[in-house]
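Need the 3D shape of this:
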Amino acid sequence: MIDLEKTQKLILEATPVLGRESVPILETMGRALFEDILVVEDLPASDISALDGYALPHTSLSGVSDQTPAHLRIIGESPAGKPCGAFVKDGQAVRIMTGGLMPRGADTVIKLEDTAEDNGYVICKIDPGWGNGIRFQGESLKKGEIVLHSGDIIRPLEVGALATMRRAYVQVYRKPLVAILSTGDELSDFHEPSSPSTAMCSNLYSLAAQVVEANAIPLCLGIVKDDLQAQHALLEEALRADVIVTSGGTSKGKYDLIHKAFASLGMEMRFSNIFAKPGKPTTFGIIRNKLIFGLPGNPSATMLSFEQFIKPALFKMMGHPNGPGKSHMLNVNDPFSRIDSFNYKQGGNKDHCRASQVPLGRPLPGPPQHQKPEPETRPARLKIVAR
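Numbers count the residues shown, from 1 in each chain. I've put the predicted structure just below:
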């Protein structure tokens with residue numbers, strides 16, 4: 001067996017970074033950019049007003065005060081999206097709204113609250129300074145600047161920036177397709193009746209949910225019986241995916257056949273069994289350049305193994321700049337921190353207790369203590385005497 005950190009290193013060294021694909025802007029959430037995003041035009045593209053007020057030449061305000069206000073004739077208006085075609089001269093002003101294009105000749109905006117209108121004139125008693133109230137061309141971004149870098153993770157802020165750049169489609173790293181299958185004659189699915197000899201295959205659904213949470217694509221292939229030929233055939237089908245994840249059949253029992261099924265497809269084994277509990281019977285290898293993970297059948301151990309080994313690999317495949325992060329330790333608030341035998345700092349499963357069959361993120365308290373049932377008592381049989 002090998003330890004956890006060496007196991008993680010082996011996996012990440014074997015994990016490729018996938019290529020790119022072009023997707024609509026609203027499908028980029030949580031994904032890594034494949035390309036730098038450059039500014040194609042100055043933003044704003046022209047000088048615009050940052051205020052509701054009046055656009056005017058600053059020279060028109062020379063010497064203004066409460067005692068000597070300036071009276072400027074209003075020659076037009078410039079609302080947002082409807083520029084004024086007038087040229088503003090000294091002694092003139094244009095009524096302007098936030099986002100309105102600055103008219104030619106004007107170089108200052110005085111806000112509405114500092115003015116008064118009277119019979120077609122605006123009265124100004126203060127000088128706010130040259131250039132006041134203007135968003136100048138290129139103030140936010142200059143043409144040719146890099147606004148987002150390759151590897152940046154897209155969130156709502158970045159979506160807004162992409163929309164501003166008029167990028168309806170964006171190049172991002174491709175999502176890996178993850179094939180999921182579970183082995184075991186005892187497993188059943190929703191459409192099958194429950195019985196004392198079967199167990200519901202929750203791993204198919206919990207693993208698929210973890211894949212979705214990691215922003216990858218699950219491909220659920222269902223349950224395969226403890227039959228070598230059947231497992232070989234289903235694994236052959238699964239090789240169209242980028243990653244294959246199996247649960248169950250990784251121990252050394254008579255019907256634990258997944259190792260033989262892997263070998264029949266020419267798997268290059270990288271490790272088998274790690275020094276951890278739950279999750280000890282975990283296998284990793286490569287078949288035809290595809291990542292293969294054989295996880296234990298215990299649901300809690302399966303989900304923990306996904307978090308520790310598969311999720312970091314998926315992040316690397318999708319071009320995340322920090323990959324899996326610097327530490328394998330699960331956050332104290334993570335539901336699996338309590339069953340992680342290596343998570344000592346967070347008070348994890350130091351005693352390597354068995355994990356529950358229901359994935360609730362907690363170890364069992366110890367070996368079950370069961371009392372021998374009392375012998376069944378039955379009423380005495382009546383003795384019939386022949387007469």
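
contacts and neighbour counts: CA atoms only from here.
Will do.

any chance you could map the helices in this protein?
4-14, 156-164, 202-213, 228-238, 258-264, 299-305, 311-317 (DSSP state H).

now these as TSV including distance to S49 and mean neighbour count?
Listed next are the helices of the chain as TSV, based on distance: least, Cα to Cα, whole Å; neighbours: other Cα atoms under 10 Å:
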stretch	distance to S49	mean neighbour count
helix 4-14	52	15
helix 156-164	19	15
helix 202-213	44	19
helix 228-238	59	17
helix 258-264	67	19
helix 299-305	55	25
helix 311-317	44	23
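
For L38, which of those helices is the nearest?
helix 156-164 (9.9 Å; Cα to Cα).

CA atoms only for that closest one - export them in CSV, please.
Coordinates of the C-alpha atoms in helix 156-164 are reproduced here as CSV (Å, rounded to 0.1, in the frame of the first residue of the first chain):
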residue,chain,number,x,y,z
PRO,A,156,-21.2,36.3,-12.8
LEU,A,157,-18.7,39.2,-12.8
GLU,A,158,-16.8,37.6,-15.6
VAL,A,159,-20.0,36.9,-17.6
GLY,A,160,-20.8,40.6,-17.3
ALA,A,161,-17.3,41.5,-18.6
LEU,A,162,-17.6,39.0,-21.5
ALA,A,163,-21.0,40.5,-22.4
THR,A,164,-19.4,44.0,-22.4
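
ok, residues contacting it?
With Cα atoms under 8 Å, 6 or more residues apart in numbering as the test, helix 156-164 has contacts from I25, L26, T28, M29, I37, V147, L148, A168.

Same question for stretch 139-155.
Residues lying outside stretch 139-155 but in contact with it, judged by Cα under 8 Å, 6+ apart, are 28-44, 158, 161, 319-321.

Looks like T198 contacts G184 (just checking).
No. Using Cα atoms under 8 Å as the test, T198 is too far from G184 to be in contact (9.6 Å).

who's more crowded, those two?
Taking neighbours as other Cα atoms under 10 Å, T198 and G184 compare with G184 leading, 21 against 15.

For L112, which non-adjacent residue is spatially closest?
Counting by Cα to Cα, 6 or more residues apart in numbering, the nearest residue to L112 once its immediate chain neighbours are dropped is G53, at 4.1 Å.

now the strands for the stretch 201-350 of the chain?
Remark: strands assigned in the stretch 201-350 of the chain by DSSP state E, counting those that start in this stretch are 217-224, 243-247, 268-272, 283-287, 290-295.

Pull the contacting residues for the residue nearest to M267 when sequence neighbours are not counted.
Excluding its sequence neighbours, the residue lying closest to M267 (Cα to Cα, 6+ apart) is I287, at 4.7 Å. Applying Cα under 8 Å, 6+ apart, we find I287 in contact with L265, G266, M267, E268.

M29 too?
M29 neighbours (Cα under 8 Å, 6+ apart): I153, I154, R155, P156, V159.

and the gap between M317 and D226?
31 Å (Cα to Cα, to the nearest Å).

just F284 next, same as before
Counting by Cα to Cα, the gap from F284 to D226 is 20 Å.

So which of those two has more stuff around it?
Legend: neighbour count by other Cα under 10 Å for F284 and D226, higher for F284 (22 against 19).
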